[in-house]
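Novice: With the input below, show me the fold.
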Amino acid sequence: MTRHIPYWSYYLHQGMLTALVMQGVVGYFRHAGLDLAQLSWLSLAMLPWVGKFLWAPWCERHALPLSGNRYLGSLVLLQVGMAALLGGIALVEPTHSAWAIVAILMLLTLLSASHGIYANGILICTTDERSRPFANAAQVGGSYLGIPFGVFAFLAVTQYAGWAAGFLSMAALSLILLIPVLLVRQPVPASAGQEQPRFDPSSLRALWPALALTAIYYLAMRGLMALQTVLLVDQGMSLTELGQALTFFSTVASGLGVLIGGLLARRIGAWRSLLPVMVLHAALAGLMAVGYSRFNLPAWLVLFGLVNAAAAVGFVTLYNVLMGLVRPHQPASDYALFQSVDMAVAMLASMITLRVAHYTGYQTSLTLLAVVAAISLWPASRLRHRLSRPAVHEPAAANLEPSLEPRHG
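Specialist: Residues are numbered from 1 along each chain as shown. Next comes the predicted model:
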């Protein structure tokens, strides 16, 4: 199990930075008085995650090796660069224009997205079908464990010590998370005699069912997650209270979801789990829409706890499936394509949901999300059926196995 420790470190770092951009900074500026329409533009900072599939093949071809791992050198350099940039952001006054803040955060996410390419390559190339559910648990669990640092720690430090101290603490954590990465060896030999990774638009035709499933799987849940921070702030929570609530969601609630998702993937299979999880997502969205006018703050805290648990279950099951659909000569690049689609949906869902809530209120936005969740079930069922047929997709091997046809159970 020691070899799984770096997985937790990679994704805890990613989760920390994503939470910092999409929740920590949003919570800071919402508390400072920015309206929902203004806050919606902060979602643009995640644009590099949308486009990272374009440069992922180049990153994979030119990866710098370290300690027998063909991806590790590049990953370490990028993490050091992110720590330096976090320290630089501490020198920028938050009173600058929102566009200046968005531009700086976009550079940070550019480095984070490229870091993710190498982290995914290491995870895929050091696991097989038996160990993948445990690796997925580390991937999703690590991402959620990063949220308390990017939200609670950041908001608590900024509330008591200011903006600069908040970002300096993030820079220090970034460097600390390099320690297990450098101490635990995870050999990934350089590929020999294989086709070089490249971006081939024609390959999208073969991958489109998986890309479409990725796009609709979390559509409604992404909207619910976008409303989480601002709705709780509008319920009267302070920055520290908000940080505490989000910490509970990302540890206890999401940890339970990761555990359930891992059990589902091992016991009944990730493929069979997809639709039941989507039904759960739709039910939660419907409940929040129907009961919006009746819920008080404690009720919202319980509901968002359930939302975080359900989202974690979905992450584990979906990404377990997607890891089985990458091609052996460019696993990191194909996986980056799936993540780019996922992030594009997250960014658009966040922007649209916040704008709808700003102009029409939370009730309307929640109702629309519930409708979207219900409508998505039918195309998701068709796509799942298409992808689960052995003849549909080419044999691929995230772990360089001869075949990666979906196995149920």
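Novice: Quick check: buried residues in the host helix or strand of residue 76?
Specialist: Taking DSSP states H and E as the criterion, residue 76 maps to helix 72-89. Judged by neighbour count using 16 or more other C-beta atoms under 10 Å, the buried positions of helix 72-89 are 72, 74-79, 81-83, 85-87, 89. (Glycine included, C-beta is placed from N, CA and C.)
Novice: same thing with stretch 160-180?
Specialist: So for stretch 160-180, counting by 16+ other C-beta under 10 Å, buried means 163-164, 166-171, 173-174, 177-178, 180.
Novice: re the thing from before, in TSV: the buried residues of helix 72-89, plus distance to residue 2 and pLDDT.
Specialist: Formatted as TSV, the buried residues of helix 72-89 follow (distance: C-beta to C-beta, whole Å; pLDDT from 0 to 100):
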residue	distance to residue 2	pLDDT
72	16	94
74	23	96
75	18	96
76	19	97
77	24	97
78	24	97
79	20	97
81	27	97
82	25	97
83	25	97
85	31	95
86	28	95
87	31	94
89	34	91
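Novice: Return the member of these nearest to residue 34.
Specialist: When the buried residues of helix 72-89 are compared for distance to residue 34 (C-beta to C-beta), residue 89 wins out at 17.8 Å.
Novice: picking up where we left off before, what does the helix holding residue 76 rub up against?
Specialist: 10, 13, 17, 59, 62-66, 104-105, 107-108, 111-112, 114-115, 118-119, 122, 167-168, 170-172, 174-175, 177-178, 181-182, 186, 188 (C-beta atoms under 8 Å, 6 or more residues apart in numbering).
Novice: what residue ranges in the stretch 151-300 of the chain score low on pLDDT?
Specialist: 191-196, 199-200, 202-203 (pLDDT under 70).
Novice: any chance you could map the helices in it?
Specialist: Ranges of helices in the stretch 151-300 of the chain, per DSSP state H, counting those that start in this stretch, are 154-161, 163-176, 178-183, 203-217, 219-234, 239-248, 254-264, 270-291, 297-323.
Novice: who wins for proximity to residue 95 among the ones you listed?
Specialist: Nearest of the helices of the stretch 151-300 of the chain to residue 95, taken as C-beta to C-beta: helix 163-176 at 9.3 Å.
Novice: Packing partners of that closest one?
Specialist: Secondary-structure packing of helix 163-176 (3 or more C-beta pairs under 8 Å, 6 or more residues apart in numbering; DSSP states H and E): helix 5-19, helix 72-89, helix 154-161.
Novice: Quick one, which of these gets closest to residue 287.
Specialist: helix 5-19 (24.9 Å).
Novice: what about the closest one, distance to the chain center?
Specialist: Using C-alpha atoms, centre = their mean, to the nearest Å, the mean C-alpha position of helix 5-19 is found 10 Å from that of the whole chain.
Novice: Mind telling me what element the nearest residue to residue 212 once chain neighbours are set aside is part of?
Specialist: Excluding the flanking residues, the one nearest residue 212 by C-beta to C-beta, 6 or more residues apart in numbering is residue 383, at 5.6 Å. If you go by DSSP H and E, residue 383 is part of helix 377-388.
Novice: Can you check what angle separates that helix from helix 219-234?
Specialist: 130 degrees (axes from the mean of the first three to the mean of the last three C-alpha atoms, to 10 degrees).
Novice: got the angle between helix 377-388 and helix 297-323?
Specialist: Put simply, helix 377-388 runs at 30 degrees to helix 297-323, going by the same axes, to 10 degrees.
Novice: Check which residues of helix 377-388 are buried.
Specialist: Neighbour-count burial for helix 377-388 flags 380, 383-384, 387-388 (criterion: 16+ other C-beta under 10 Å).
Novice: what inclination does the helix holding residue 76 have with respect to helix 163-176?
Specialist: Helix 72-89 runs at 170 degrees relative to helix 163-176, counting by the same axes, to 10 degrees.
Novice: Give the other helices and strands that whatever helix or strand comes next after helix 72-89 contacts.
Specialist: Downstream of helix 72-89, the next assigned helix or strand under DSSP H and E is helix 98-125. Where contact means 3+ C-beta pairs under 8 Å, 6+ apart, helix 98-125 is packed against helix 5-19, helix 25-31, helix 47-61, helix 72-89, helix 132-148, helix 331-360.
Novice: can you rerun that using 6 Å?
Specialist: For helix 98-125, the elements it packs on are helix 5-19, helix 47-61, helix 72-89, helix 331-360, judged by 3 or more C-beta pairs under 6 Å, 6 or more residues apart in numbering; DSSP states H and E.
Novice: Let me have those helices in a markdown table, extended by distance to residue 298.
Specialist: Shown next, in a markdown table, are the helices and strands packed on helix 98-125 (distance: least, C-beta to C-beta, whole Å):
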| stretch | distance to residue 298 |
| --- | --- |
| helix 5-19 | 23 |
| helix 47-61 | 34 |
| helix 72-89 | 35 |
| helix 331-360 | 21 |
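Novice: so which of the ones you listed comes closest to residue 253?
Specialist: Within the helices and strands packed on helix 98-125, the stretch nearest residue 253 is helix 5-19; the backing value is 14.3 Å (C-beta to C-beta).
Novice: now that closest one and helix 154-161, what's the angle there?
Specialist: 60 degrees.
Novice: can you list contacts of helix 5-19?
Specialist: 112, 116, 119, 123, 135, 138-139, 142-143, 145-147, 149-151, 177, 180-181, 184, 186 (C-beta atoms under 6 Å, 6 or more residues apart in numbering).
Novice: Out of those residues, which end up buried?
Specialist: 112, 116, 119, 123, 135, 138-139, 142-143, 145-147, 149-151, 177, 180-181, 186.
Novice: before we move on, the earlier item: ranking the helices and strands packed on helix 98-125 by burial, who's on top?
Specialist: For these, the largest average neighbour count (mean count of other C-beta atoms under 10 Å) is found in helix 5-19, namely a mean of 24.
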